[in-house]
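Enquirer: this is a predicted model, with the sequence first.
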Amino acid sequence: MTPVPESQPRSGLAESALRLEARGIRKSFGGVEVLKGVDFRLEKGKVHGLVGQNGAGKSTLMKILNGVYTRDGGEILVDGQVVDYSTPNEAQAAGIGMVFQELSLINSMTVAQNVLLTREPRGRVLLSDRQAVEQTKAIFAEIGVDIDPRADTARLSVGSRQLVEIAKALSQKPRILVLDEPTASLTSSEVETLFAAIRRLTARGISVVYISHRMPELFEICQQITVLRDGAVTKSADADTLTIDQIVAEMLGPTLGRELEELQNDQSAPVAREHVGEPLLRVTGLTRRGIFEDVTFDLWPGEIVGIAGLLGSGRSEIMRGLFGIDKLDSGTVDLAGERLSLTSPKKALDAGLGFVPEDRRVAGLVLKDSVFSNLMMASWPRVTRWGWVGRRSAEKRSKELVDRLKVKTAGLRQQVAHLSGGNQQKIVVGKNLSVTPKVLLLDEPTVGIDVKSKADILEEVRQLAADGNGIIIVSSELSELTALSDRVLVLHGGKVTRALSRANGDDISEGALSLAVQVG
Amino acid sequence: MVSLALTSDRGANVRERLSSFVVYASLVLITLFFSITLGNDGFLTSANLLNILRQTAMVSIMAIGVTFALSAGEIDLSIGATVALSALVVAETLRTQSLIVAVAAGLAVGIAVGLVNGLLTTKLRIPSFLVTLGMTGVVAGIARNLTDLQAVAVTNETYNFVFGSGDIGPIPILVVWTLVILLVGHLVYRKFAFGRRVLATGGNRVAARHSGINTDRVRIAVLVISASSAALAGMLYAGRLHGARYTLGEADLLTVIAAAIIGGTSLFGGKGSVVGAVVGSLVMGVLNNGLILMGLSVNAQMIARGLIIIAAVALSLREPKEA
């Protein structure tokens, strides 16, 4: 018998601080290599940021870690042990919990039912709701969250849902937690709650993969950052050795980096403009009881007005009211001197309003349909003569929009579902440009999309204003409002508490706005 | 601790409670209405009330089965045809085989139809609406062919007693069947993990799959449950009528689906109630009985029933308005 050596290299590895190691991960879809041998190392109790443009391979890598996709090559080690799994269940068993970007909660169930889905606590035979509520409460307490486990999930705010989602992942007692764009729709106070929760988890040795487009957040919460570009790692280092500029440059690559620099230089604050002539849009005393009241403002030709407010302040609801989706209790809206009857989106469209809604997947696009159909959705009447659709002019129109917005698509026939988030959002904007609106309403137009698409969309918005149209934009990203708006209305509890104007010399900086939305 | 407020919507909450209340209210109201108008025409006699319960049993059992299918976001239109086939198979088998073999054969019809429905729906990705619509023709055709359109008598006394005609004390055995299926169905739906998987699958299939639920298996299972409930109903028809015929169950589909929906089950999945399905079936049963006692012609009954179903479903279906 040969004696077993005391210490093997393997066991040495297990002792190290590495929680997760992915080596040379490869994946192809239909002959296109999406991941070209990616290495990723996650240390125990650390937060590791993963960044890259849409299409860089982040989601694919995470879906491989989570067992949704099977890898073509490479290996994955958890705590030094090679793990092999091919389903989400097996990945969970290996200790990997995933919090999805498109919230994976089931609306028709209660919070506790969602958190413990597939792991429902049982008495001897029957499920126990009481135990489920207690277990859920315990998990919430761990991350410092106070949500009623008995509440209907459908009635939670987006921020609360995100935290429920995290609690759901935690109920599996994971050693590794993957957060995909967790702050995309959170307000700044909700982000703080989330970060506090993450810090509690890492203190207990849980490691976190943090995917985000928001650079300042990455630097606030992550100890390490890895940049992916075109399916390969271009940079992986400790966060405190990196700068935002460096990361953006790595994400975009040598050629795009320069373009972005020019764009950023262009993002100097807009110049204060004098109002000429009559206001384009005159909103007076707009009220929806219990949601917002007495909202009054004018929008001048060529002007961009931002609406800043916390989630629930009524900002999205004002947009929906202006576009005729929700019924208003009182108030009037005049467009170019004419009184509008805002009882349906069709009337709003006909009057010359356009609307880019908050959630592109739900309200903006028919995902299963083509780029062409989506772009033309609102403007078929414009290419129709005597009920006959002018296919050629419709195609020409769509082609122009695709070029103008720099949409990356295989063609007009491409299904929108297969486009990246940024390109999908461009289609929503394009759909609205196609009806040549005089006033464009934008609700969170850049949520969860990559830097380049964001720049393209904001550029288009500026151009639209420069052509003499009016823009109203709602955004949680205050830097966006700062960069775009001539004026900003601050909304608090359904009321306009401040109207800041650049022309009057008001301070429309990010700092001033973030304070204003909090205190009203 | 940071407190995150719910976007509280009291109006929607009240509306939701109201809609689950509708089924009980309509049962009480309809019974009250017929008690007053038909009190002297025999509506309130114990014989008539027991009769209503007997007649409702099969619909109740199928409504429970269909509640599972609907809750998982599927639908089963082939239950009517399955009723006829299982009844005929049981009756035919009883002529030559033992009772146990016959009962097994009847249930096997349900499981087989359900499996075909489920496999076609999940593996070929055909919506269950179309699969079960097509299977209605297939199953009904097989049933007609089986006995060449002839009715088959059931002479096995034990079978007839257990599956439909017997009474235990004052209680019709059909009521016992209903109560047993109600209890089992309710527990599985509310108190077993399977029920949660059904509701999760119907509520949001992608989210359910991401949560590690084998949604295909759930969808096959609910279609097997609904077809099996139809097969059991067919066997009960055969026992109650002492025979089977290819026309059995033909008219039940609309009644069953209406009963489930009046009972608070969503046509689009994710929400439902087994108890509600049985109460909904009682509503349909009382309605049927009252219309007959009122002396309406068969044609008039059909019209009245259709209109009342639309009205009742409209009341219970009112989903909160979406954007």
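Expert: Ah, there it is.

Enquirer: low-confidence stretches in the stretch 1-150 of chain B?
Expert: Judged against pLDDT under 70, the low-scoring parts of the stretch 1-150 of chain B cover residues B:1-20.

Enquirer: pretty sure residue A:491 contacts residue A:309?
Expert: Yes. Residue A:491 sits in contact with residue A:309 when judged by C-beta atoms under 8 Å, with a separation of 3.3 Å. The way it works is simple: take the backbone N, C-alpha and C, and place the C-beta from them, glycine included.

Enquirer: now for these two: what residues contact both?
Expert: Between them, residue A:491 and residue A:309 have A:315, A:517 as joint contacts when contacts are counted by C-beta atoms under 8 Å, 6 or more residues apart in numbering or on different chains.

Enquirer: could you measure from the nearest residue to residue A:28 once chain neighbours are set aside over to residue A:96?
Expert: Sequence neighbours aside, residue A:72 is the residue nearest to residue A:28 in space, at 5.8 Å (criterion: C-beta to C-beta, 6 or more residues apart in numbering or on different chains). Residue A:72 sits 19 Å away from residue A:96 when distances are taken as C-beta to C-beta, to the nearest Å.

Enquirer: ditto for residue A:484
Expert: Residue A:484 is 40 Å from residue A:96, by C-beta to C-beta.

Enquirer: of the two, which one has the most company?
Expert: Relative neighbour count places residue A:96 above the other of residue A:484 and residue A:96, with 28 against 23, counting by other C-beta atoms under 10 Å in any protein chain shown.

Enquirer: residues touching that one, list them.
Expert: Taking C-beta under 8 Å, 6+ apart as the contact definition, residue A:96 lies against A:20, A:65, A:66, A:67, A:78, A:174, A:175, A:176, A:178.

Enquirer: name the residues of stretch B:152-167 that come out as buried.
Expert: Taking 16 or more other C-beta atoms under 10 Å in any protein chain shown as the basis for neighbour counts, the residues of stretch B:152-167 that come out buried are B:152, B:154, B:156, B:159, B:160, B:162, B:163, B:164, B:165, B:166.

Enquirer: next: stretch B:22-35.
Expert: With the criterion 16+ other C-beta under 10 Å, stretch B:22-35 contains buried residues B:22, B:23, B:24, B:26, B:27, B:30, B:31, B:34.

Enquirer: repeat for stretch A:288-308
Expert: For stretch A:288-308, the neighbour count (16+ other C-beta under 10 Å) marks A:288, A:291-293, A:295, A:297-308 as buried.

Enquirer: what do you get for stretch B:43-58?
Expert: Buried positions in stretch B:43-58, judged by neighbour count with 16+ other C-beta under 10 Å: B:43, B:48, B:50, B:52, B:53, B:54, B:55, B:56, B:57, B:58.

Enquirer: for that stretch, the distance to its chain's centre please.
Expert: Averaging C-alpha coordinates over stretch B:43-58 and over its chain gives two centres that are 18 Å apart (C-alpha atoms, centre = their mean, to the nearest Å).

Enquirer: residues contacting it, please?
Expert: Counting by C-beta under 8 Å, 6+ apart, B:34-35, B:38, B:42, B:83, B:172, B:174-175, B:177-178, B:233, B:236-237, B:240, B:252, B:281-282, B:284-286, B:288-290, B:293 sit against stretch B:43-58.

Enquirer: of the residues you listed, which qualify as buried by neighbour count?
Expert: Here the buried ones among the contacts of stretch B:43-58, as counted with 16+ other C-beta under 10 Å, turn out to be B:34, B:38, B:83, B:172, B:174-175, B:177-178, B:233, B:236-237, B:240, B:252, B:281-282, B:284-286, B:288-290.

Enquirer: show me what from the stretch 151-300 of chain B comes close to chain A.
Expert: Residues of the stretch 151-300 of chain B found near chain A (C-beta under 8 Å from any C-beta of the partner chain) are B:187, B:190-193, B:196-197, B:199-200, B:202-204, B:206-213, B:266, B:270-271.

Enquirer: near the residue of the stretch 51-200 of chain B found nearest chain A, how many other residues are there?
Expert: Among residues of the stretch 51-200 of chain B, the one nearest chain A by C-beta to the nearest C-beta turns out to be residue B:191. It sits 4.0 Å away. Other residues near residue B:191 number 18, with proximity taken as other C-beta under 10 Å.

Enquirer: which pLDDT value belongs to the closest residue to it other than its chain neighbours?
Expert: Counting by C-beta to C-beta, 6+ apart, the nearest residue to residue B:191 once its immediate chain neighbours are dropped is residue A:126, at 4.0 Å. pLDDT, residue A:126: 89.

Enquirer: pretty sure residue A:126 contacts residue B:192?
Expert: Yes. Distance between residue A:126 and residue B:192: 7.1 Å, which falls inside the contact criterion (C-beta under 8 Å).

Enquirer: with neighbour numbers in mind, choose between these two.
Expert: With neighbours defined as other C-beta under 10 Å, residue A:126 and residue B:192 compare such that residue B:192 has more, 17 against 12.

Enquirer: what about the residue lying closest to the more buried one once chain neighbours are set aside, distance to residue B:277?
Expert: The shortest distance from residue B:192 to any residue other than its chain neighbours is 6.5 Å, reached at residue A:127 (C-beta to C-beta, 6+ apart). Distance check for residue A:127 against residue B:277: by C-beta to C-beta, it reads 20 Å.

Enquirer: looking at those two, which is more packed in?
Expert: More neighbours surround residue B:277 than the other of residue A:127 and residue B:277, with 34 against 20 (other C-beta under 10 Å).

Enquirer: hmm, back to that, please flag which of the contacts of stretch B:43-58 sit within helices.
Expert: B:34-35, B:38, B:83, B:174-175, B:177-178, B:233, B:236-237, B:240, B:252, B:281-282, B:284-286, B:288-290, B:293 (DSSP state H).

Enquirer: returning to what we had before: the residue nearest to residue B:192 against residue B:191, yeah?
Expert: Yes. Residue A:127 is in contact with residue B:191 according to C-beta under 8 Å; the separation is 5.1 Å.

Enquirer: grab the most central residue of the chain for me.
Expert: Looking at chain A here, since you left the chain open. When chain A is reduced to its mean C-alpha position, the closest residue under C-alpha atoms, centre = their mean turns out to be residue A:448, at 2.7 Å.

Enquirer: please go with chain B instead
Expert: For chain B, counting by C-alpha atoms, centre = their mean, the most central residue is residue B:63, which lies 1.8 Å from the centre.

Enquirer: which ones are touching that one?
Expert: B:256, B:259, B:260, B:263, B:277, B:278, B:280, B:281.

Enquirer: I figured the second one hits residue B:64, correct?
Expert: No. Because the distance of 9.5 Å does not satisfy C-beta under 8 Å, residue B:259 is recorded as not touching residue B:64.

Enquirer: thanks a lot, see you next time.
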